[in-house]
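The sequence isn't on hand, but the structure is:
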């Protein structure tokens with residue numbers, strides 16, 4: 001029997017939500033690691049029982065947890081994320097003064113598409129790590145931070161975080177706030193910026209190579225050269241592997257937001273959740289709306305059935321929206337108010353799986369046979 005497993009990372013623990021293919025009745029397991037910030041959980045595409053979790057607190061630091069039984073039990077496996085690039089030098093701080101590179105946390109985990117023991121991790125400050133032993137030990141892929149532009153990368157409001165990893169092995173895309181998007185064509189040995197066409201406030205040069213505050217990037221497996229981006233202002237699209245970007249914000253009520261998702265079977269169908277502005281992190285007019293485009297951008301429709309349309313002032317973080325792969329595709333997102341919503345009909349109608357979790361930082365979904 002097909003099972004759907006939703007992995008929710010929150011400010012105070014991890015939760016595992018399970019249902020059958022109808023996605024109507026859900027069981028809730030958790031909190032796992034109660035009281036800890038769980039920035040991200042992600043299951044292996046090749047071993048459905050293998051799940052990785054990024055566990056962090058300001059008191060005890062960073063730890064990677066691993067489950068080999070679908071989240072029933074967990075084992076701490078690794079916390080060594082030292083800088084591996086020799087003398088790291090400095091990068092500019094918010095006021096442009098030099099600041100040494102630091103390690104603060106792991107924002108995103110991305111297991112390999114082919115090997116359950118290989119997993120990548122995106123950190124703050126702006127590092128990409130790789131483990132080939134199930135998360136026990138980590139090696140920095142230094143070709144990213146040693147790029148000649150690395151010494152000019154400033155932090156975004158949330159820090160200099162590497163929050164997006166797209167694996168098309170050997171090609172790898174990463175996105176960093178607020179440095180931009182970078183691409184490797186050799187398995188992470190070297191990287192180069194792919195930000196042409198992005199225009200950012202404070203960067204008067206329209207051809208600026210780096211310095212762009214990218215919030216999230218997604219690609220559809222069947223269209224590896226087509227990327228969609230939610231930027232700090234602007235929804236963007238590239239059809240040549242990031243070489244060139246064009247804006248596709250179209251008729252959105254605001255082009256500011258954090259997550260973006262692509263329909264599993266329709267590579268031209270996109271989902272975003274606009275919020276009011278960079279200083280007002282809640283939906284316009286207090287109406288929680290997911291916006292869908294079936295044209296790859298520019299033309300958008302609001303999806304509201306089942307979502308609160310008054311007095312709603314939650315936010316949806318960059319890793320808190322995901323889709324499943326069932327025939328009637330499911331779309332999921334979590335909010336800072338502790339709700340996790342599901343649409344089992346590609347966004348037409350919505351139901352709350354849970355209402356009262358801690359603030360949701362990330363949502364991932366697995367479809368299990």
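In hand now; what should we look at? No experiment lies behind these values; they were computed from the predicted model shown. Residues are numbered from 1 along each chain as shown.

Only C-alpha atoms from now on, for both contacts and neighbour counts.
Will do.

how much space is there between residue 237 and residue 196?
11 Å (Cα to Cα, to the nearest Å).

no wait, residue 185
18 Å.

quick one on the thing from earlier: list residues touching both of residue 237 and residue 196?
Here residue 237 and residue 196 have residue 245 as joint contacts, going by Cα atoms under 8 Å, 6 or more residues apart in numbering.

which of those two has more neighbours?
Using other Cα atoms under 10 Å as the criterion, residue 237 and residue 196 rank with residue 237 on top: 25 against 18.

show me what contacts the more buried one?
Listed by Cα under 8 Å, 6+ apart, the contact set of residue 237 reads 226-229, 245-248, 297.

Return the closest of those with respect to residue 53.
Nearest to residue 53 among the contacts of residue 237, counting by Cα to Cα, is residue 229 at 24.6 Å.

Please name the residues that touch the closest one.
By Cα under 8 Å, 6+ apart, the residues touching residue 229 are 214-218, 235-237, 260.

Just give me the residue closest to the centre of the protein.
Of all residues in the chain, the one closest to the mean position by Cα atoms, centre = their mean is residue 319, 3.3 Å from it.

And the residue nearest to residue 308 when sequence neighbours are not counted, how close does it get to residue 68?
Distances taken as Cα to Cα, 6 or more residues apart in numbering put residue 288 closest to residue 308, at 5.7 Å, once the chain neighbours are dropped. Residue 288 is 36 Å from residue 68, where distance means Cα to Cα.

Looking at the two, which is more packed in?
A count of neighbours by other Cα under 10 Å puts residue 288 above the other of residue 288 and residue 68, at 25 against 16.

isn't the more buried one right next to residue 304, touching?
Yes: Residue 288 is within contact range of residue 304, at 7.2 Å (criterion: Cα atoms under 8 Å).

sorry, back to before: out of the contacts of residue 237, which is nearest to residue 270?
residue 297 (7.1 Å).

Hmm, the closest one is touching residue 270, no?
Yes: in this structure, residue 297 is within contact of residue 270 by Cα under 8 Å, at 7.1 Å.

picking that back up, can I get the contacts of residue 229 in TSV including secondary structure, distance to residue 14 and pLDDT?
Below are the contacts of residue 229 laid out as TSV (DSSP: H, G, I helix; E, B strand; the rest coil; distance: Cα to Cα, whole Å; pLDDT from 0 to 100):
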residue	secondary structure	distance to residue 14	pLDDT
214	strand	26	97
215	strand	23	97
216	strand	22	98
217	strand	24	98
218	strand	24	98
235	strand	30	98
236	strand	31	98
237	strand	32	98
260	strand	22	98
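
Save the residues you listed as a markdown table, and put in distance to residue 208 too.
A markdown table is the format used below for the contacts of residue 229 (distance: Cα to Cα, whole Å):
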| residue | distance to residue 208 |
| --- | --- |
| 214 | 14 |
| 215 | 17 |
| 216 | 19 |
| 217 | 19 |
| 218 | 22 |
| 235 | 18 |
| 236 | 16 |
| 237 | 17 |
| 260 | 24 |
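
Quick check: the two most widely separated of the residues you listed?
Pairwise over these, using Cα to Cα, the maximum falls at 215 and 237, 13.4 Å.

want to throw the contacts of residue 237 into TSV with pLDDT and distance to residue 97?
Below are the contacts of residue 237 laid out as TSV (pLDDT from 0 to 100; distance: Cα to Cα, whole Å):
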residue	pLDDT	distance to residue 97
226	98	37
227	98	34
228	98	33
229	98	29
245	97	31
246	97	33
247	98	32
248	98	35
297	97	39
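
Pull out the buried residues from these.
For the contacts of residue 237, a burial check counting by 16 or more other Cα atoms under 10 Å picks out 226-229, 245-248, 297.

Report the contact partners of the residue nearest to the centre of the chain.
Residue 319 neighbours (Cα under 8 Å, 6+ apart): 40, 216, 259, 361-363.

what's it sitting at in phi/psi?
Dihedral pair for residue 319: phi -100, psi 10, per degrees, to the nearest 10.

For residue 211, what are phi and psi?
phi 100, psi 10.

burial count for the nearest residue to it once chain neighbours are set aside?
Using Cα to Cα, 6+ apart and skipping residues adjacent in sequence, the residue nearest residue 211 is residue 179, 4.2 Å away. Here the number of neighbours of residue 179 (other Cα under 10 Å) works out to 26.

and residue 179, what pLDDT?
Residue 179 is assigned a predicted lDDT (pLDDT) of 95.

what stretches of the stretch 1-150 of the chain score poorly on pLDDT?
The model of the stretch 1-150 of the chain has pLDDT under 70 over residues 84-86.

Can you tell me which helices and strands whichever strand or helix holds residue 129 packs against?
Using DSSP states H and E, residue 129 falls within strand 128-131. Packing partners of strand 128-131 (3 or more Cα pairs under 8 Å, 6 or more residues apart in numbering; DSSP states H and E): strand 119-124, strand 139-140.
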